[in-house]
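*Asks:* sequence isn't available, so here's the structure alone:
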């Protein structure tokens, strides 16, 4: 049983698991707002079908439920992609007129794009992207639709995103990383949270590919950042099946879902890279993926000391609306080089920054609703500070484990940093070497 | 021009539904809820109705942690004859 708004998601997941006839019953959305009595009425309305689903002939159930759809008029929210999204059963190679206009029309109709024009993945371009790699070698299975990410399919998406063949090893490595089970791609793809895959690149490849780590590092303007991040989004959609409103159920979405790829600005950082500080070789290329929201800026033009700047960052990090507030996880802090310089000048190491932010990122009681306070005192009592013993009047620590914070240095001149909340404890950052 | 389909093949093998049996008093019904508000309330009413209508006596509950894959216990999988799931939002 699920709510009618999420029927299409349940149906698509069942199809992905080879169970197109799985009995799925819908109750009106949203259930969370209903009273106990209303829930009882929904159960009474459905109980006959529940008993049927548990007892009837399996083949008959499959026939009935394979064809079942929620009538469109029953839903309040609509997706552009109401039916099965991107024609997974289409031919592997399709012939079409040599017309960019015609191709773009097909790409939009089939949901092959992020909304922007894409480069036609002609056989010649895909072969050039592949190089001497085996086209059919399986790199990963991409959830939630369990799409087979062969080198051939990854290359097609990389072409469409505008990648250069030199970018392709990084795209393949990031795909492997995000399909590691601890990353929990299935949940990241289908959640209502606006999370995406942040691609952090490290090693000599940052220079050789020209990945921007300086001004506007997380924004637009540089091919490598834009195209690699975009290729990952197209792979998530076209191979993983994350069609907006069907399998990608993000309530708001995020501009970061178009493309999110950058590197640390080591030339302007007072510390070694995050990767080296975590035991990795500086001369080896790595890619790290994190399941994150878009970045939130931290403006502090007035902090005179590292401690003062860190207080501003801690205050920005401590957000009661972030998943990390009640689901923990590994939030990311990206220090601008000018902030990092002052912080390091005052004796803070990266580990010291993590410890300081863990101690000072506190959501004041006045900003925590009674309902959230109940959740926090029940599930995360180790985050609850003082108060009146029943949770009331308690401030809430945003982070209790300093090691959960990922602190990076990136960007250009200017007294700005950024905080990047994540999906929460259900995802872990994954790092793999780029081969 | 020849275009490579960027979607292609999905990794799924067809899995037929399990043959069903009548609900009897000795049938063990699993009740599986996600962590979203009221999923358990809805299932609680289903439990009451199955007990009333079908005389089912034994129910096993399993509540999944939010946003995590369900880590079913062997006991749950081994003892339940059928499962009703409520995944809500």
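*Replies:* Looks like it arrived, so ask away. All of these numbers come straight from a predicted model, not from anything done at the bench.
*Asks:* chain neighbours aside, what residue packs nearest to the residue in the stretch 201-350 of chain A that chain B sits nearest to?
*Replies:* In the stretch 201-350 of chain A, the residue that lies nearest chain B is residue A:238 (4.3 Å; Cβ to the nearest Cβ). C-beta here means a position set from N, CA and C on the backbone, and glycine is covered the same way. Take residue A:238 and drop its neighbours on the chain: the residue closest to it by Cβ to Cβ, 6 or more residues apart in numbering or on different chains is residue B:6, 4.3 Å away.
*Asks:* check contacts around the one you found.
*Replies:* Going by Cβ atoms under 8 Å, 6 or more residues apart in numbering or on different chains, residue B:6 touches A:112, A:121, A:153, A:156, A:157, A:160, A:234, A:238, A:239.
*Asks:* likewise residue A:372?
*Replies:* So residue A:372 contacts A:320, A:326 (Cβ under 8 Å, 6+ apart).
*Asks:* just give the nearest non-adjacent residue to residue A:180, would you?
*Replies:* Nearest to residue A:180 is residue A:430, by Cβ to Cβ, 6+ apart, at 4.5 Å.
*Asks:* need phi/psi at the one you found.
*Replies:* Residue A:430 adopts backbone torsions of phi -130, psi 130, taken as degrees, to the nearest 10.
*Asks:* let me know whether it touches residue A:286 as I believe.
*Replies:* No: Residue A:430 lies out of contact with residue A:286 (Cβ atoms under 8 Å); the separation is 10.5 Å.
*Asks:* please say which of those two ends up with more neighbours.
*Replies:* Remark: of residue A:430 and residue A:286, residue A:286 carries more neighbours, 25 against 21, as counted by other Cβ atoms under 10 Å in any protein chain shown.
*Asks:* what are the bridge partners for that one, then?
*Replies:* For residue A:286, the beta-bridge partners are residue A:202, residue A:433 (DSSP bridges).
*Asks:* got the contact list for it?
*Replies:* By Cβ under 8 Å, 6+ apart, the residues touching residue A:286 are A:201, A:202, A:203, A:275, A:280, A:431, A:432, A:433, A:434.
*Asks:* per-residue pLDDT of the residue nearest to residue A:180, please?
*Replies:* Looking at residue A:430, its pLDDT is 98.
*Asks:* state the distance from it to chain B.
*Replies:* In this view, residue A:430 and chain B are 16 Å apart by Cβ to the nearest Cβ, to the nearest Å.
*Asks:* try residue A:176
*Replies:* Residue A:176 is 16 Å from chain B, where distance means Cβ to the nearest Cβ.
*Asks:* name the helices or strands packed onto the helix or strand harbouring that residue?
*Replies:* Element membership for residue A:176, per DSSP states H and E: helix A:168-178. Packing partners of helix A:168-178 (3 or more Cβ pairs under 8 Å, 6 or more residues apart in numbering or on different chains; DSSP states H and E): strand A:138-142, helix A:151-161, strand A:196-202, helix A:223-238, strand A:286-292, strand A:430-433.
*Asks:* run the last query once more with 6 Å
*Replies:* Applying 3 or more Cβ pairs under 6 Å, 6 or more residues apart in numbering or on different chains; DSSP states H and E, one finds that helix A:168-178 makes contact with strand A:138-142, helix A:151-161, helix A:223-238, strand A:286-292, strand A:430-433.
*Asks:* highest average neighbour count across those?
*Replies:* Compared across those, helix A:151-161 shows the largest average neighbour count, a mean of 28 (mean count of other Cβ atoms under 10 Å in any protein chain shown).
*Asks:* next, the angle from that one to helix A:223-238.
*Replies:* 120 degrees (axes from the mean of the first three to the mean of the last three Cα atoms, to 10 degrees).
*Asks:* and the angle from helix A:151-161 to strand A:138-142?
*Replies:* With the same axes, to 10 degrees defining the directions, helix A:151-161 sits at 70 degrees from strand A:138-142.
*Asks:* what does helix A:151-161 contact?
*Replies:* The contact list for helix A:151-161 (Cβ atoms under 6 Å, 6 or more residues apart in numbering or on different chains) reads A:118-119, A:121, A:125-126, A:129-130, A:133, A:135, A:137, A:168, A:171-172, A:227, A:230-231, A:234-235, A:238-239, B:4, B:6, B:8.
*Asks:* follow-up on the earlier one: whatever helix or strand comes next after the helix holding residue A:176 close to chain B?
*Replies:* Using DSSP H and E, the next helix or strand after helix A:168-178 towards the C-terminus is helix A:185-190. Yes: on the criterion Cβ under 6 Å from any Cβ of the partner chain, helix A:185-190 is in touch with chain B at residue A:187.
*Asks:* got any ranges where the chain has weak pLDDT?
*Replies:* Picking chain A for this. A:70-90, A:387-391 (pLDDT under 70).
*Asks:* oops, I was thinking of chain B
*Replies:* Along chain B, the parts satisfying pLDDT under 70 run over B:8, B:11-12.
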